[in-house]
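Visitor: here's my sequence, what's the structure:
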Amino acid sequence: MRLDHVELFVPDRDRAAQWYGRVLGFEILEQYRGWATEGGPLLISNDGGETKLALFVGLSQGEEAVRGLRRLAFRVSAEEFLRFVERSGVWRETPLPASDIQDHGKALSVYFSDPWGNLLEVTTYEPEAVREVL
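Guide: Residues are numbered from 1 along each chain as shown. Alright, predicted model coming up:
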């Protein structure tokens, strides 16, 4: 058994798909685009469809109290982690500073949110390789 998809609520699925594409490398899964009708999800993936985000139209959690999904975390290699932090200035006003990297000993993570307030994390379990570069 493995994770298939996570459902996120956003006010505009196409705009969200573009943001997730630019920031995390997700692409629309065209073979499921027909599901993106009224009430259905727009499916996106950054691993060829093995795991997906199902974008539904609706109110995101935003600043409201936690109810259900708390945070969506993505695992990356040390190289991908460094590239993500380096490229963060493309989708933020300024790149994520090194001080935003949380060191959990056996892992390093950065925390942020999408434009609709969904909490996200990028983490690597190769902290030594990242620490060498930083």
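
Visitor: same for the longest helix seen in the chain, what does it pack against?
Guide: Ranked by number of residues, the top helix in the chain under DSSP state H is helix 13-24. Using 3 or more Cβ pairs under 8 Å, 6 or more residues apart in numbering; DSSP states H and E, the elements in contact with helix 13-24 are strand 27-28, strand 42-45, strand 52-57. From N, CA and C alone the C-beta is placed, and that goes for glycine too.

Visitor: list the contacts of stretch 72-84.
Guide: Stretch 72-84 is contacted by residues 6, 8, 24, 53, 108-110, 118-130, 133 when judged by Cβ atoms under 8 Å, 6 or more residues apart in numbering.

Visitor: out of those, which are inside strands?
Guide: Counting by DSSP state E, those place 6, 8, 53, 108-110, 119-124 in strands.

Visitor: are any of those buried, and if so which?
Guide: 8, 53, 108-110, 119-120, 122-124 (16 or more other Cβ atoms under 10 Å).

Visitor: which of those residues sits closest to Gly89?
Guide: Val110 (13.1 Å; Cβ to Cβ).

Visitor: partner residues bridging that closest one?
Guide: Val122 (DSSP bridges).

Visitor: in space, what's closest to Asp12 - neighbours in sequence excluded?
Guide: Leaving aside its chain neighbours, Asp12 sits nearest to Val57 (7.6 Å; criterion: Cβ to Cβ, 6 or more residues apart in numbering).

Visitor: gap between the one you found and Asn46?
Guide: Relative to Asn46, Val57 is positioned 21 Å away (Cβ to Cβ, to the nearest Å).

Visitor: fine, thanks again, bye for now.
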